[in-house]
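Q: pasting the sequence and the predicted coordinates here, then a few questions.
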Amino acid sequence: MTALPSSGRGDAVAAGRTDSRRWPLVLRNRAFGTVWLGQVLAQAAMRMFQVGVSWWIVAHTVRDSPGLASGVFMAACTLPAVALAPAVATVIARFAHRSVLRNATGLAGAVSGLLALWAHQCGLPFAALLAAALSLATCQAFFDPCLTTSVPELVDDADIEAATGFELSTQSLAGLGGALLGALTVDRAGVAGLAAGCGAAYLAAALLVSSARFRNAGITPGPSGGSPRRPLLRILGDLPYVRRILICFTAANLFTAAVFVVIPLYTHSVLLGGGGTVALLEASLGVGTLIGAFTGALLPGQPTVVGSYCLAVMAAALALPGLVTNRPAVAGCLAVAGWCAGAISVRFVALFQRLVPAADKPGFFAVMQAILGASLPIASLLFGFAGDLLSPRTLCLVQGAGLVPAVRALFLLGFRSPAPPVADPRPVGDNR
């Protein structure tokens with residue numbers, strides 16, 4: 001078949017478009033790049049707060065039952081995403097997404113600033129830290145699903161996969177930044193310095209989001225605008241394949257999420273390290289997740305099968321520190337576990353972006369956050385309580401063993417419920 005001749009002007013335009021697509025998405029799409037940078041700052045601030053306060057509880061404050069206290073704190077950091085899912089879906093559907101993102105980060109900055117002033121003037125009671133954790137987590141519960149829902153307003157359809165990868169990589173960047181700064185800041189400047197740094201990051205994120213231009217595709221602000229929203233449970237009822245995937249990962253999260261409780265306990269009791277060791281382990285997990293978020297789209301195969309393999313590798317990586325206590329080896333295991341988590345996330349969130357109807361996305365991503373997050377407070381409390389009774393090495397073995405049923409269920413799902421046809425996971429022109 002012979003191609004039709006084209007003009008030199010058309011060839012030049014096509015070549016220009018091809019050349020422009022060779023640049024990373026955050027550089028060739030100014031609006032997305034600005035929002036992405038704001039996301040880096042906002043989620044890094046939350047992770048910095050979590051890591052710093054968790055280490056402060058274990059190493060500096062609570063002498064009796066530090067595991068339980070750390071678990072209660074981490075549960076407070078994850079509970080709002082579960083409890084507020086219906087309210088989050090309503091707000092995201094009714095209001096402009098840029099306003100939701102700006103207000104969430106601005107309010108979080110104000111809360112962090114007040115906490116810094118209080119901590120600077122006098123000692124903070126544990127109840128005050130819990131209240132701050134609930135407040136910041138509430139802001140984050142609105143920020144995260146709203147940002148995911150906003151991706152089609154910032155990029156073209158061909159760039160959704162790349163945008164999803166960049167968005168998910170932000171969580172690993174946040175983990176990396178929180179790891180490097182959270183525990184070290186608490187060791188040197190206390191909770192006051194930690195809260196001040198978080199407040200500055202949140203306010204900078206609010207300014208960045210405010211300066212970005214969003215497309216108003218599919219958004220009709222106001223309680224009476226647009227078509228009626230479907231009930232959240234009906235959305236999942238019409239997506240049985242997606243629902244089964246979410247159930248598998250919810251079960252897996254009971255054991256994977258416990259790593260954030262286990263790391264400070266393992267550092268304090270097994271490695272006998274300080275804030276620098278916590279930073280090393282958290283950074284290893286964050287770097288692994290970052291690499292996984294950028295390379296996950298390159299893995300061939302059906303998402304459920306690829307996800308089951310990655311989950312199996314993660315189980316081994318989380319269990320190995322229960323047998324080997326060498327510090328570099330433990331850091332390497334966490335890097336591998338992080339890579340698996342990042343690769344799984346980018347494959348499945350991109351899959352959901354294409355399978356879920358546009359009108360249902362605000363509700364779906366809020367429900368997804370609630371379902372996946374439902375196991376996080378439980379995991380924090382259970383592993384925190386167990387940390388006062390069992391060795392951290394035993395907790396690592398429990399984590400690895402607990403993932404085995406989820407691996408099997410996800411693998412079988414690929415054969416019992418074939419996925420609807422989707423586009424190749426590698427976006428055209430994406431040379432990451």
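A: Nice, I can see it. Numbering: from 1, shown residues only.

Q: contacting residues around the residue positioned nearest the centre of the chain?
A: Closest to where the C-alpha atoms of the chain average out (CA atoms, centre = their mean) is Q171, at 4.5 Å. Residues near Q171 by CB atoms under 8 Å, 6 or more residues apart in numbering: Q43, T289, A293, S345. Every residue, glycine included, has its C-beta placed from N, CA and C.

Q: next, work out how far apart it and V270 are.
A: 26 Å (CB to CB, to the nearest Å).

Q: burial measure for A179, as a count.
A: The local packing of A179 (other CB atoms under 10 Å) involves 27 other residues.

Q: show me what contacts it?
A: R47, V51, V278, A279, L280, L281, E282, A283, L285, G286.

Q: which non-adjacent residue is nearest it?
A: Distances taken as CB to CB, 6 or more residues apart in numbering put E282 closest to A179, at 2.7 Å, once the chain neighbours are dropped.

Q: what strand or helix carries the one you found?
A: helix 275-295 (DSSP states H and E).

Q: now for that helix, which elements pack on it?
A: helix 30-56, helix 160-211, helix 259-266, helix 327-355 (3 or more CB pairs under 8 Å, 6 or more residues apart in numbering; DSSP states H and E).

Q: 10 Å instead, please
A: helix 30-56, helix 160-211, helix 259-266, helix 303-319, helix 327-355 (3 or more CB pairs under 10 Å, 6 or more residues apart in numbering; DSSP states H and E).

Q: and that helix, which residues are buried?
A: 275, 277-294 (16 or more other CB atoms under 10 Å).

Q: relative to helix 160-211, how tilted is it?
A: 120 degrees (axes from the mean of the first three to the mean of the last three CA atoms, to 10 degrees).

Q: helix 275-295 to helix 303-319, inter-axis angle?
A: Taking the same axes, to 10 degrees, one finds helix 275-295 and helix 303-319 inclined to each other by 160 degrees.

Q: let's see helix 275-295 as PDB, backbone CA atoms only.
A: Only the C-alpha atoms of helix 275-295 are listed here, as PDB (Å, rounded to 0.1, in the frame of the first residue of the first chain):
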ATOM      1  CA  GLY A 275      17.500   8.800  63.000                       C
ATOM      2  CA  GLY A 276      20.100   8.400  60.200                       C
ATOM      3  CA  THR A 277      19.300   4.700  60.000                       C
ATOM      4  CA  VAL A 278      15.600   5.400  59.800                       C
ATOM      5  CA  ALA A 279      16.400   7.800  57.000                       C
ATOM      6  CA  LEU A 280      18.400   5.200  55.200                       C
ATOM      7  CA  LEU A 281      15.600   2.500  55.400                       C
ATOM      8  CA  GLU A 282      12.800   4.900  54.500                       C
ATOM      9  CA  ALA A 283      14.900   6.300  51.600                       C
ATOM     10  CA  SER A 284      15.600   2.900  50.300                       C
ATOM     11  CA  LEU A 285      11.900   2.200  50.200                       C
ATOM     12  CA  GLY A 286      11.200   5.500  48.600                       C
ATOM     13  CA  VAL A 287      13.800   5.200  45.900                       C
ATOM     14  CA  GLY A 288      12.600   1.700  45.000                       C
ATOM     15  CA  THR A 289       9.000   3.000  44.700                       C
ATOM     16  CA  LEU A 290      10.200   5.900  42.500                       C
ATOM     17  CA  ILE A 291      12.000   3.500  40.100                       C
ATOM     18  CA  GLY A 292       9.000   1.200  40.100                       C
ATOM     19  CA  ALA A 293       6.600   4.000  39.200                       C
ATOM     20  CA  PHE A 294       8.700   5.000  36.200                       C
ATOM     21  CA  THR A 295       9.400   1.400  35.000                       C
END
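
Q: centre of the chain to it, how far?
A: 13 Å (CA atoms, centre = their mean, to the nearest Å).

Q: least trustworthy helix or strand in this structure by mean pLDDT?
A: helix 8-21 (a mean of 46; mean pLDDT, DSSP states H and E).

Q: quick one: name whatever helix or strand follows it.
A: With DSSP H and E, the next secondary element past helix 8-21 is helix 25-28.

Q: tell me what that next one is packed against?
A: helix 8-21, helix 30-56, helix 160-211.

Q: following element in sequence after the longest one, please.
A: Counting by DSSP H and E, the next helix or strand C-terminal to helix 160-211 is helix 232-237.

Q: likewise the second one?
A: Past helix 30-56, heading to the C-terminal end, the next element that is a helix or strand (DSSP H and E) is helix 66-83.

Q: flag every buried residue along the helix or strand that contains F411.
A: Using DSSP H and E, F411 sits within helix 404-416. For helix 404-416, the buried set under the neighbour-count rule, 16+ other CB under 10 Å, comprises A406, V407, A409, L410, F411, L413, G414.

Q: ok, now stretch 85-98?
A: Within stretch 85-98, the residues that count as buried by 16+ other CB under 10 Å are A85, V88, A89, T90, V91, I92, A93, R94, F95, A96, H97, R98.

Q: roughly how far apart are the second one and N253?
A: In other words, V88. Distance from V88 to N253, by CB to CB: 18 Å.

Q: what of the third one?
A: Computed as CB to CB, the A89 to N253 distance reads 20 Å.

Q: now swap in the first one and tell me
A: Noted for A85: a distance of 15 Å to N253, by CB to CB.

Q: L176 too?
A: Distance from L176 to N253, by CB to CB: 21 Å.

Q: more neighbours: these two, which one.
A: L176 (24 against 21).

Q: I'd say the more buried one and A293 touch.
A: No - here L176 lies out of contact with A293, judged by CB atoms under 10 Å, at a distance of 11.6 Å.
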